[in-house]
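1. structure of the sequence below:
(one chain, ligands or ions: 1)
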Amino acid sequence: MTNTPDIIWTPAASTEDGARNARELFTRIFGGEAEGVWRAPGRVNIIGEHVDYNGGPCLPIALPHAAYVAVRPRPDRRVRLVSPQTVDAVDELDLDTVGPVGSAGAVKGWAAYLIGVAWALEQAGYGPLAGFDIALWSCVPLGAGLSSSAALECSTAVALDDLAGLGLAGSVDAPNKEGRGILVAASRRAENEIAGANTGGLDQSASMHCTRGHALVLDSRDMSVRQTPFDIAASGCELLVIDTRAPHQLVDGQYGQRRADCEAAATLLGVDLLVDVEDYEAAMATLAGEGAESGEAEEAERARLQARTRHVLSEIARTKAFIEILESAPLLSEEKLQVLGGLMNDSHDSLRDDYEVTVPELDVAVDVARARGAYGARMTGGGFGGSVIALVKIGQGEEIAQAVTAAFADHGFAQPHVFVATPADGAGRVE
Ligand code: GLA
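-> Got it, this is the predicted structure:
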């Protein structure tokens, strides 16, 4: 046994601190005052993983961890961007030359997520926009599968919306749902086309539409959303988030390959999206190629597509069941909590075995949390690294965090970061 290090807790900065950090950075680098500060949160997805690009339901909550942008419009079309990591090399770009990945106007690095939103809004007819100076400060852990990139996009989207007087976001207390849908689409386009990560709409929807105290029921078929109360504390529970710190990257090929598998399976099954499959058994038989002659390579491919589809269809069913139980009563009985935990466990196992997006760090964190009495534990987000969530009794989080920290030390993994998540507000103006 290695000596167990202390738990590293990574709570969110307060809104006041986040806003002040962004504002101070702005003044230090650009001089003068920003016109305002806007924030947008990261998220955890409670369940409904890798189903958004298959038209299925998701159930995210917004985190108190957020990106803050201090912004001031410019009289020209220039955009200057700075974050605490880039104070020595302020990015300077031009709205007239920005273009998609692979084009002459392609944008490198984190700037793509911010300027990409301006580009996408203009593409959607909300332009021309003024150039702007923007200082970013974020406490959403990077590369942790907690939607740090959607937080950048959505904070920029609400800022540009406000500064251009588009009125799409409304306020945090009186959100314009339809307008926010437009900002979600622009943020997602920025991520897909300018940053080059072909993700679904879960993260941007969560960051833009979530509200304090609620989980968001997202129907990815039509991107419609509704709020559902998420007060697990009233039922004696908390949600522990374990950032495994195993590096996570969606711009690499694996995420795209999973999407391609789902599209290939949908084509074989004659549906637009896997959510449209009506007969599970028949779909499994078709994908298994029952009765068809095939070689070894083709059989392996069919087995893979079958496993991917099994994950997607079972995850859609689990998510619907989870939402139904969550909404069945204001207080969740011990028995219901066990069922919810079981659904989370099954979700993780399916992501591990059929979808193959977990890594040893995620599996170890999940195993330890379960062994230490969590109702359920699963990876959250895209996988290939990133974070685990565990549904636990209030107060049990610390013991589990300690046990995971010890197990990671034994395995020689990086030390995990942990916090307890409570459902926070979606994107909006801070000051
Ligand atoms: C990432 C993507 C989302 C979603 C999840 C998996 O977070 O950005 O669109 O596909 O992975 O559920």
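
2. buried residues, the longest helix that the chain contains. List them.
-> In the chain, with assignment by DSSP state H, the single longest helix is helix 296-326. Of the residues in helix 296-326, 301-302, 304-316, 318-323, 325-326 count as buried by neighbour count, 16 or more other C-beta atoms under 10 Å. C-beta: built from backbone N, CA, C; applies to glycine.

3. helices or strands next to the next helix or strand after that helix in the packing?
-> Once the chain leaves helix 296-326, the next helix or strand it forms, by DSSP states H and E, is helix 334-353. For helix 334-353, the packing partners by 3 or more C-beta pairs under 8 Å, 6 or more residues apart in numbering; DSSP states H and E come out as helix 296-326, helix 360-371, strand 376-380, strand 387-393.

4. now render those as a markdown table, adding mean pLDDT and distance to residue 422.
-> Shown next, in a markdown table, are the helices and strands packed on helix 334-353 (pLDDT from 0 to 100; distance: least, C-beta to C-beta, whole Å):
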| stretch | mean pLDDT | distance to residue 422 |
| --- | --- | --- |
| helix 296-326 | 96 | 16 |
| helix 360-371 | 98 | 18 |
| strand 376-380 | 98 | 15 |
| strand 387-393 | 98 | 13 |
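
5. need these in JSON lines (columns: distance to residue 273).
-> Shown next, in JSON lines, are the helices and strands packed on helix 334-353 (distance: least, C-beta to C-beta, whole Å):
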{"stretch": "helix 296-326", "distance to residue 273": "9"}
{"stretch": "helix 360-371", "distance to residue 273": "26"}
{"stretch": "strand 376-380", "distance to residue 273": "22"}
{"stretch": "strand 387-393", "distance to residue 273": "26"}
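
6. run through who's touching stretch 121-131.
-> Taking contacts as C-beta atoms under 8 Å, 6 or more residues apart in numbering, the residues outside stretch 121-131 that touch it are 73-79, 94-95, 118, 157, 160-161, 163-164, 166, 168, 182, 185-186, 189.

7. what about that stretch, how long is it end to end?
-> 13 Å (C-alpha to C-alpha, to the nearest Å).

8. list the buried residues for it?
-> 121-122, 126, 129-131.

9. related to what we said a few turns ago, turn the helices and strands packed on helix 334-353 into CSV, including distance to the ligand.
-> CSV is the format used below for these (distance: least, C-beta to the nearest ligand atom, whole Å):
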stretch, distance to the ligand
helix 296-326, 9
helix 360-371, 13
strand 376-380, 8
strand 387-393, 11
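
10. closest one to residue 114 among the ones you listed?
-> Among these, the nearest to residue 114 by C-beta to C-beta is strand 387-393 (23.5 Å).

11. residue 362 - nearest residue in space that isn't next to it in sequence?
-> residue 379 (4.5 Å; C-beta to C-beta, 6 or more residues apart in numbering).

12. repeat for residue 392
-> residue 374 is the one closest to residue 392 (C-beta to C-beta, 6+ apart), at 4.8 Å.

13. now do the contacts for that neighbour.
-> For residue 374, counting by C-beta under 8 Å, 6+ apart, the contacting residues are 240, 341, 390-392, 396, 400.

14. tell me if residue 18 really is in a helix.
-> Yes - per DSSP: H, G, I helix; E, B strand; the rest coil, residue 18 lies within a helix segment.

15. from the ligand, how far out is it?
-> Distance of residue 18 to the ligand, given as C-beta to the nearest ligand atom, to the nearest Å: 22 Å.

16. near the ligand, which residues of this structure show up?
-> Counting by C-beta under 6 Å from any ligand atom, the chain comes close to the ligand at 45, 49-50, 52-53, 199-200, 202-203, 250, 381-382.

17. filter those down to just the ones in helices.
-> If you go by DSSP H, these have 202-203 in helices.

18. show me where the stretch 51-200 of the chain has helices.
-> Secondary structure of the stretch 51-200 of the chain (DSSP state H, counting those that start in this stretch): helices at 111-123, 148-163, 177-189.
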